[in-house]
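**Student:** Pasted the sequence and its predicted model underneath.
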Number of protein chains: 2
Amino acid sequence: MPDTNIAEKTREKVLKAAKQLGYRPNLLARSLRMNKSNIIALAISYLENPFYAQVVKELSEQLRATDRHILLFTAPDDNQADPALAKVLNYQVDALVMSGTKASRELAISFKKLGVPIVQINRDSNYPGVSTVQGEDRDAGRIIGRHLLAGGHKRFGFVSGIADSSTSLFRLEGYREYLQSHGIDDVQIAYGNNTFEAAANAVRQLLGSKTPPDAIFCASDYMAFAALEVAKKEFGLKVPDDLSVVGFNDVPAASLSAHDLTTFSQPAATMVEKAIVLVDQLISGQKSRAQHLIVKGELIVRGSSRQAVS
Amino acid sequence: MPDTNIAEKTREKVLKAAKQLGYRPNLLARSLRMNKSNIIALAISYLENPFYAQVVKELSEQLRATDRHILLFTAPDDNQADPALAKVLNYQVDALVMSGTKASRELAISFKKLGVPIVQINRDSNYPGVSTVQGEDRDAGRIIGRHLLAGGHKRFGFVSGIADSSTSLFRLEGYREYLQSHGIDDVQIAYGNNTFEAAANAVRQLLGSKTPPDAIFCASDYMAFAALEVAKKEFGLKVPDDLSVVGFNDVPAASLSAHDLTTFSQPAATMVEKAIVLVDQLISGQKSRAQHLIVKGELIVRGSSRQAVS
DNA sequence: TAGCGTTATGAATACGTATTCAACAATCAA
DNA sequence: TTGATTGTTGAATACGTATTCATAACGCTA
């Protein structure tokens, strides 16, 4: 280990070089030489949804501690990350973190071949080399089902994200499962695709049906805001008297009295923290196989859902 | 120009190399050689404010058209971008775009020395080599002053961002100027520092005073949401009967009936578009001096402010 | 003075790309 | 056939860094 050497001379040099000559190490050259860029690619969708904005913020801030930075890729939605990511590998990034979107199997395999770990936040995956950090989707669905059933609701709706999004599917499964085991077989489903407008349309569809639900579980707070808007403004419904609305994520805005949204929490900061731990373990070779973590949350009951009468 | 050559052979090579060998050009090596990375640094604050999230999204998407990507730096607030940016220059980025934060004079000079253009979105600067894209801050302040005065208000408040933030200062100046020219000398100012909690405290301070304002102009929609929350929930005020609240940006959520916020629009997409034009002109040497652009907006009157009686 | 271990210093190499230059083959005109 | 022109190819170089290897300096002992 030839690195614990002279003190005075090195100090002199460092001082001279750094200050006097204004020396700036070229990080690109270093990366080229070291085969390590200290750059993490982040592929993300739905930045207008505060949950994902939080993910960006947290990842950037937490990564700063180790002098790493984010190369940002935005994807249109869950299934269209690949085109944006076509050239990620060319940047020699140390890892790829994805949130609100996912990699195709082919892309996952390309990454695996090159030894670049992929960690997905808030999406499932069983592709080789893809690790995940998820919330308690299925359990949360059950808990929300229980909460709504206990509130005396009769007809249940669900506003999903993109149809094949794992998070939406798991949440729906838990929801359905609980209701089914209590004699409710019918859950009306509409697709909000994680955008405000599509979610508003989905709610219009649900509430405009012959037997509109009196309880709607939305797969994200962001879509739940659209639900509240449409229900109150367009259908003149009182929340929670005529309709209960439940969201997911516990985004800060959910606690505003203007929304007062019942929701299931999913702490972005914690999820990002775990994702970074995974990235580090996978880069260092400490773990070689893909890991799958769950971050716990809890039901936050607020005014948008009718309470159980006891 | 020796680039329009053989067709068959090149095709063969490309096909062989690209597909068969899985060749991936190393963008870092290319950048090193070309002295051009196709990477734009983005320094941004307040990602929890949807306006800035929009900026990130727009910049990323618009940059994709030219195959450039964002290296992301998040700063705690207006005045603390420098530490985060300490090593930007080492990445050989082609330009630095800043929004919601600004560079120090020293940093600006470092960038100028190295020929790396800086473009600030939504912040002013007269530092050498720093271009800006701003909204109509001063005019907007005047227009909001006129709107509120016409609404019959008597006591005027202002919730500012960080004290020395140029946008807040300009907006306040226009606001004050209009009111002053109509005989109102007193504007009560409190500092919300662009965070929700600080804005809530600022509003508590304003509304808790002996002569609380009946009109509050907040320097951002995000802070205006805090104002609405505090006014309604903690002070039991009716908006706009007891208090009018006006924001700035016309963030999508402002149009929700839950907020129904009167505001002055500032289109993020357009601002980003102009910023990219500036970046391109400055990189190509088409323009050498710093440029300063204004993007127009308009007053969007909604239910959070009392209307003029005619 | 030669020999030894420690430590500093200098030169060389490689990372993967783009550019440049020289060499070479092929085509065509004289 | 020769010369000129054009097109094609290969080798060399440079970008800025980290590593490696060899050399040189130093203090000490035999």
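**Tutor:** Yep, it's here. Numbers count the residues shown, from 1 in each chain, chains lettered A, B, ... in the order given.

**Student:** mind showing which ranges of chain A have poor pLDDT?
**Tutor:** Per-residue confidence for chain A (pLDDT under 70) gives these ranges: A:1-21, A:310.

**Student:** mind listing the helices for it?
**Tutor:** Assigned by DSSP state H, chain A shows helices spanning A:8-14, A:27-34, A:50-64, A:81-85, A:105-113, A:137-150, A:166-180, A:196-207, A:221-229, A:268-284.

**Student:** what's the spacing between the residue in the stretch 201-310 of chain A positioned nearest to chain B and residue B:135?
**Tutor:** As assessed by C-beta to the nearest C-beta, chain B sits closest to residue A:258 within the stretch 201-310 of chain A, at 4.1 Å. For every residue, glycine as well, the C-beta is placed using N, CA and C. In this view, residue A:258 and residue B:135 are 25 Å apart by C-beta to C-beta, to the nearest Å.

**Student:** ditto for residue A:34
**Tutor:** Where residue B:135 is concerned, residue A:34 sits at a distance of 43 Å (C-beta to C-beta).

**Student:** So for those two, which sits in the more crowded spot?
**Tutor:** More neighbours surround residue B:135 than the other of residue A:34 and residue B:135, with 25 against 11 (other C-beta atoms under 10 Å in any protein chain shown).

**Student:** Number of residues surrounding residue A:65?
**Tutor:** Neighbours around residue A:65, by other C-beta under 10 Å: 8.

**Student:** what separates it from chain B, distance-wise?
**Tutor:** 12 Å (C-beta to the nearest C-beta, to the nearest Å).

**Student:** My understanding was that residue A:26 contacts residue B:33; is that so?
**Tutor:** No: counting by C-beta atoms under 8 Å, residue A:26 sits too far from residue B:33 to count as a contact (11.9 Å).

**Student:** Show me which of those two is the more surrounded one.
**Tutor:** Under the criterion of other C-beta under 10 Å, the comparison of residue A:26 against residue B:33 puts residue A:26 first, with 14 against 10.

**Student:** Next up, the contacts around that one.
**Tutor:** Residue A:26 makes contacts with B:32, B:90, B:92, as judged by C-beta atoms under 8 Å, 6 or more residues apart in numbering or on different chains.

**Student:** Quick check: phi and psi on it?
**Tutor:** phi -90, psi 110 (degrees, to the nearest 10).

**Student:** Outline the domain layout of chain A.
**Tutor:** Listed by automatic domain parsing, the domain ranges of chain A are A:25-135+A:268-294, A:137-265.

**Student:** Kindly reformat the ones you listed as JSON lines containing distance to DNA strand D.
**Tutor:** As requested, the domains of chain A are exported to JSON lines (distance: least, C-beta to the nearest atom of the strand, whole Å):
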{"stretch": "domain A:25-135+A:268-294", "distance to DNA strand D": "3"}
{"stretch": "domain A:137-265", "distance to DNA strand D": "40"}
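
**Student:** So for residue B:158, which of the ones you listed sits nearest?
**Tutor:** Counting by C-beta to C-beta, residue B:158 lies closest to domain A:137-265 out of those; the figure is 22.0 Å.

**Student:** What is the end-to-end distance of the closest one?
**Tutor:** Taking C-alpha to C-alpha, to the nearest Å, the first and last residues of domain A:137-265 lie 10 Å apart.

**Student:** chain center to that domain, what's the gap?
**Tutor:** 18 Å (C-alpha atoms, centre = their mean, to the nearest Å).

**Student:** Ok, stretch A:82-93 next?
**Tutor:** Distance, stretch centre to chain centre, for stretch A:82-93: 20 Å (C-alpha atoms, centre = their mean).

**Student:** Just the buried positions in it, please.
**Tutor:** A:84-85, A:88-89, A:91-93 (16 or more other C-beta atoms under 10 Å in any protein chain shown).

**Student:** returning to that earlier point: deepest of the helices of chain A, which one?
**Tutor:** helix A:221-229 (a mean of 27; mean count of other C-beta atoms under 10 Å in any protein chain shown).

**Student:** Distance check, the most centrally placed residue in chain A against residue B:75.
**Tutor:** By C-alpha atoms, centre = their mean, the mean C-alpha position of chain A lies nearest to residue A:122, the distance being 3.9 Å. Residue A:122 is 25 Å from residue B:75, where distance means C-beta to C-beta.

**Student:** How about residue A:80?
**Tutor:** The value you get for residue A:80 to residue B:75, if C-beta to C-beta is used, is 30 Å.

**Student:** what's in contact with stretch A:299-310?
**Tutor:** A:140, A:143-144, A:147-148, A:150-153, A:215, A:224, A:228, A:239-241, A:244-247, A:250, A:254-255, A:259-265.
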